[in-house]
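# Okay, predicted coordinates and the sequence, questions at the end:
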Amino acid sequence: MKFLLCAAAAAELKMLRLLPVLPLLVLLLATTSSSCEAKLGSPPPPPSSFDHDDSQGLFPPDVEESAVIATTIATTSTKERNLGLTPSSCIEYPHEFRYETDTNGTPLTSCFKMAVQASRGAISSRQMVNRCKKRIVAGLDGRYGAGATIADACPLICGAPCDAGDGGATQDASNSNAEQAERLPEPENNSDEDIAVVLLPEEEEGNDEAETVFPTVVASPTTTIQEQVEEAGTVVEEKPTPTIASFEPIQKGKGEWGDEFDMELIPIHTMLLPDGQILSYGTSAKGRQGADLYYEVWDWNNGIHGKVHKLLKHKTEADIFCSSLNVDPSNGNIIIMGGDVRSPNAGYGIETVLEYDVKDESVRKHPKGNMHYARWYGTSVNLPNGDIFVVGGRDDDKKGSPIPEVYSADSGFRTLKGASVPAIAKEKSKNHWWYPHTFVNSKGDIIVIMPRKDNADVYRIGVEGNGSIKRIGRKPFEAHVRSPSIMFRTDQVAFLDDKGSLWVADISSSSAVKWDKRNNIGHGRTNGSMAILPDGRVAIVGGARSTDDGGSKLSKAEHSIHIWDADTNKLTRGASEKNARLYHSSALVLQDGSLVSAGGGAPGPVKNRNGQLYHPDYFYNTKQEKTPRPKIIACPRNINSGETFLITVDDASRVVKVTTTKSGASSHTRNSDTRWLDLKFDVLNDTILKVHAEERNIMIGGLWMLNTIDVNGIPSEASLMGVDMAPL
């Protein structure tokens, strides 16, 4: 009978999928003469301090039963031991209080972990209620009495009185806690919003040292984390061993513009490269219209001034002024499509296709040849199958190119004559061809939104066979052809109209587009740019407050930055950059989470061969001091869409989001290829996260930046990943 009881307990242990199960089964079944209680450990004396370790999470999202398990991870925290956290601290430190222990009385989980899981949607409201009703399975019955529940240990999470069954609290501690309770309001309900804001109060000075012991299993130099997990059935960690950051809440400060820096040309086009550098081009070295065969490679990781900006020259005789560019997933190089006939006949499109080689930083003619149609100001986007779609642009007769093309790494370019764009074909002399707003929706369909005020049709284009096209709606507002747009969420595209209204187009349906006017910044941003920050907010920079002179009046230049939070619809006006960023400016988010705003001119009232970095609010606290940021210690360089992958972080218990942004290319108020995703993830231990990549229609192949976001809303620096592409 005792053997059966032990076997039942061992079966229950199997449901906790994050620990090696076989050694525990062997341990439990080896000595059947002892009671099962002896194997699991009788409730230990209540611990006098509760050290920081959320390594095991609460319960896995798919496991409702609780179980006490042994763990190989032992963590001590000098800081919290000195603070003397006890069960009576459940008001003062509710998220640090442990309610589940292992056989030695070492705390395994916390109220804070439960709050984090709820805030990121890992557990539902129903699961929350069920878990609050769960028994405290070991170690703390003595504190709360027989039959105590998690609600007794996590009152601010579950809404129960703090002193329920707290037989171990002294009178002095109770009085102290009562005073603290007056300063900490009780939540009105158990909603995720209330849970997510429970944070540790500021701690006393002198208690900030921490000593941490991590798992001793370390990844070998010849195998990946994923391989060792599969082979050994355990969780491993890559060196170096991280330093765990404090749980001290941080209130974000204000964003700031940094120093202006010189560039070698006007960066009309900017793109983050797979090697982490920035490719820019657009004018001559003197800032004249026409690229004149020049391009710049900026090693921004090593600074913003001087020799980190390299001016290079190619020998193809092609002027790539106002072309389009994409990462080619087949080899990781950059494909540059179209451009301008060189002076003195500027303004005519070319069919030339070039390739930038990331390894040797050279530009050459593309080995697969040119496009079938000349294009100047065409738009291009990566497709889910690895191909590249290009549409619009002006041809070699100064008329629009209505027939799209698709590039394949195997066969080069093919035409889609069945998808000729009516708005361009009917009025070739008008600039309907001017960088059409083009996006790929979650069904894999291409949505093209015409840029002009007087022809605002929306089309769905299919690329199968000869191609197909269908008109599915119109824009409900007026926006200059030089007004910005960006896909800030899957199937959600933000636009600014000429009056400053911020519209969102829902392109999830391939038969109709839904439009929603969300906010208003007070004026237009003609020639402005949009970029997505790591936390999903949208930054709006540059441009002019009116459409006069095509948005190029210096007196109407808008220098301030706007930050729009799509989740809350909050719009914030920030600091002003030094220079006007008008026609031919660009904006790009870098790996460290800063934003580079650069360029402007050729033509225009200024020749800005320069840029300036903006550091958003998450760089600073309220004293404008640099904030400590979470860290990604190890991340795969390449992944496949639709699969899971592992990353190593400094402290998994702090992570509330894992986000990723497709970098794309910025030019002419557009970045059609960028997109931002909030990825699902599982916490495997205190440093390992299993992340779930989206399927290929959503996480389209190319270069992506991966970030973690901590409990204070502060992002890590990004790790570059290639998705469905050649090895980085």
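Done, it's in.

# Residue ranges in this protein under the pLDDT threshold?
Along the chain, the parts satisfying pLDDT under 70 run over 1-125, 135-147, 153, 155-157, 159-248.

# again, only using 50
Residue ranges of the chain with pLDDT under 50: 1-108, 138-139, 160-247.

# Which stretches in it count as helices?
Taking DSSP state H as the test, the helices found in the chain are 2-14, 22-30, 36-40, 78-83, 111-119, 125-132, 141-144, 150-153, 155-158, 171-183, 192-196, 225-232, 422-426.

# Can you name every helix or strand that the last one contacts?
Judged by 3 or more CB pairs under 8 Å, 6 or more residues apart in numbering; DSSP states H and E, helix 422-426 is in contact with strand 457-462. The way it works is simple: take the backbone N, C-alpha and C, and place the C-beta from them, glycine included.

# can you do 10 Å?
Judged by 3 or more CB pairs under 10 Å, 6 or more residues apart in numbering; DSSP states H and E, helix 422-426 is in contact with strand 388-392, strand 457-462, strand 468-474.

# Neighbouring strands of the longest one in the sheet, and parallel or not?
The one in question is strand 468-474. strand 457-462 (antiparallel) (DSSP bridges).

# pull the CA atoms of the partner strand into CSV?
The C-alpha coordinates for strand 457-462 follow below in CSV (Å, rounded to 0.1, in the frame of the first residue of the first chain):
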residue,chain,number,x,y,z
ASP,A,457,-8.0,52.7,-53.3
VAL,A,458,-7.0,49.6,-51.4
TYR,A,459,-6.1,46.4,-53.2
ARG,A,460,-5.4,42.8,-52.4
ILE,A,461,-2.8,41.2,-54.6
GLY,A,462,-2.1,37.5,-55.0
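
# which residues sit against that strand?
By CB atoms under 10 Å, 6 or more residues apart in numbering, the residues outside strand 457-462 that reach it are 389, 391, 404, 416, 418-423, 432, 436-438, 441, 443-450, 467-475, 505, 507, 509-513, 515.

# could you flag which of those are buried?
For these, a burial check counting by 16 or more other CB atoms under 10 Å picks out 389, 391, 404, 416, 418-421, 423, 432, 436-438, 441, 444-450, 467, 469, 472-473, 475, 505, 507, 509-510, 513, 515.

# hang on, the earlier thing: residue 655: which of the helices and strands packed on helix 422-426 is closest?
Closest to residue 655 of these is strand 388-392 (CB to CB; 34.0 Å).

# Residue 321 against residue 352, yeah?
No - Residue 321 lies out of contact with residue 352 (CB atoms under 10 Å); the separation is 11.8 Å.

# Mutual contacts of those two, please.
Contact criterion CB under 10 Å, 6+ apart; residues shared by residue 321 and residue 352: 338-339, 341.

# which of those residues tops the neighbour count?
Greatest neighbour count in these, by other CB atoms under 10 Å, goes to residue 338: 32 neighbours.

# Without its sequence neighbours, what residue ends up closest to that residue?
Excluding the flanking residues, the one nearest residue 338 by CB to CB, 6 or more residues apart in numbering is residue 375, at 3.6 Å.

# check contacts around the one you found.
By CB under 10 Å, 6+ apart, the residues touching residue 375 are 322-324, 337-339, 349-353, 390-396, 400-401, 405, 433.

# Those residues in strands, which ones?
Using DSSP state E, 324, 337, 353, 390-392, 405 are the members of the contacts of residue 375 that sit in strands.

# List just the nearest of those to residue 498.
Nearest to residue 498, judged by CB to CB, of those is residue 392 at 21.3 Å.

# Quick check: residue 465 touching residue 415?
No - assessed by CB under 10 Å, residue 465 is found out of contact with residue 415, at 11.2 Å.

# What about residue 397, how many residues nearby?
12.

# just the strands in the stretch 451-600 of the chain please.
Using DSSP state E, counting those that start in this stretch, the strands of the stretch 451-600 of the chain run over 457-462, 468-474, 485-489, 492-496, 501-506, 514-520, 529-532, 538-541, 560-565, 570-576, 585-589, 595-599.

# Turn these into JSON lines, columns for distance to residue 368.
Converted to JSON lines, the strands of the stretch 451-600 of the chain look like this (distance: least, CB to CB, whole Å):
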{"stretch": "strand 457-462", "distance to residue 368": "22"}
{"stretch": "strand 468-474", "distance to residue 368": "24"}
{"stretch": "strand 485-489", "distance to residue 368": "28"}
{"stretch": "strand 492-496", "distance to residue 368": "30"}
{"stretch": "strand 501-506", "distance to residue 368": "33"}
{"stretch": "strand 514-520", "distance to residue 368": "38"}
{"stretch": "strand 529-532", "distance to residue 368": "31"}
{"stretch": "strand 538-541", "distance to residue 368": "35"}
{"stretch": "strand 560-565", "distance to residue 368": "40"}
{"stretch": "strand 570-576", "distance to residue 368": "44"}
{"stretch": "strand 585-589", "distance to residue 368": "27"}
{"stretch": "strand 595-599", "distance to residue 368": "30"}
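
# and of those strands, who's closest to residue 699?
Among the strands of the stretch 451-600 of the chain, strand 485-489 sits nearest to residue 699 (CB to CB), with 12.9 Å.

# Any buried residues in that closest one, and which?
Those would be 485-489, for strand 485-489 by 16+ other CB under 10 Å.

# swap in stretch 309-316?
Per 16+ other CB under 10 Å, stretch 309-316 contains these buried residues: 309, 312, 314, 316.

# want to throw the residues you listed into a markdown table with distance to residue 698?
Listed next are these as a markdown table, based on distance: CB to CB, whole Å:
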| residue | distance to residue 698 |
| --- | --- |
| 309 | 35 |
| 312 | 35 |
| 314 | 35 |
| 316 | 35 |
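
# Of those, which pair is most distant in space?
Largest separation among the buried residues of stretch 309-316 by CB to CB: 309 and 316, giving 21.8 Å.

# Now for residue 426: which residues touch it?
By CB under 10 Å, 6+ apart, the residues touching residue 426 are 400, 402, 432, 455.

# buried set for stretch 612-632?
The neighbour-count check on stretch 612-632 (16+ other CB under 10 Å) flags 612-621, 627-632 as buried.

# is the residue nearest to residue 346 when sequence neighbours are not counted in a bridge, and if so with what?
Using CB to CB, 6+ apart and skipping the chain neighbours, the partner closest in space to residue 346 is residue 340 (5.6 Å). Legend: beta-bridge partners of residue 340 under DSSP bridges are residue 319, residue 349.

# if we can go back for a sec, of residue 465 and residue 415, who's got more company?
A direct count of neighbours by other CB under 10 Å for residue 465 and residue 415 places residue 415 higher, at 16 against 9.

# Quote the end-to-end distance of stretch 651-659.
With CA to CA, to the nearest Å as the measure, the ends of stretch 651-659 fall 16 Å from one another.

# likewise stretch 321-330?
Here the two ends of stretch 321-330 are set 25 Å apart, with distance taken as CA to CA.
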